[in-house]
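sharing a model prediction with you, sequence too.
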Amino acid sequence: MRRKVYLTFPGQLIRESLIYQVGHQFKVVTNIRCASVTEELGLVGLEIEGEPLEIKAALDFLEAKGVKVEPVVMDVVE
């Protein structure tokens, strides 16, 4: 399974290696698709792949650390 999410890191978490930790603590593969980081805020578009329970555990871990996790919603206009 593959999911795309937006992560919002508050200023105090910007220097933490949380995405690295997720890749080592859970059976998931992470792929940073885009990012914008300032001293006050970090925004990351992340693709995460693995078993559904592992993905949920990884995203729960990030939320428990203080990262806001939001699903990427794609609207296509034809």
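Right, received. Where do you want to start?

show me what the host helix or strand of Y20 packs onto, helices and strands only.
Using DSSP states H and E, Y20 sits in helix 18-25. Using 3 or more Cβ pairs under 8 Å, 6 or more residues apart in numbering; DSSP states H and E, the elements in contact with helix 18-25 are strand 28-37, strand 41-50, helix 52-65. All C-beta spots, glycine's among them, are computed from the backbone N, C-alpha and C.

so what's the gap between it and the chain middle?
Computed by Cα atoms, centre = their mean, to the nearest Å, the chain-centroid distance of helix 18-25 equals 10 Å.

ditto for stretch 9-18
12 Å.

how about residues contacting that stretch?
37, 39-44, 62, 65-67 (Cβ atoms under 8 Å, 6 or more residues apart in numbering).

please redo it, this time with the cut-off set to 6 Å
For stretch 9-18, the surrounding residues in contact (Cβ atoms under 6 Å, 6 or more residues apart in numbering) are 40, 42, 65-67.

end-to-end on it?
10 Å (Cα to Cα, to the nearest Å).

could you give the average pLDDT over that stretch?
Throughout stretch 9-18, pLDDT has a mean value of 95.

identify each buried residue in it, please.
9, 13, 18 (16 or more other Cβ atoms under 10 Å).

how about stretch 64-78?
Buried residues in stretch 64-78, counted by 16+ other Cβ under 10 Å: 67, 69.

cool, and stretch 39-50?
In stretch 39-50, counting by 16+ other Cβ under 10 Å, buried: 42, 44, 46, 48, 50.

farthest-separated two in those?
G42 and G50 (22.6 Å; Cβ to Cβ).
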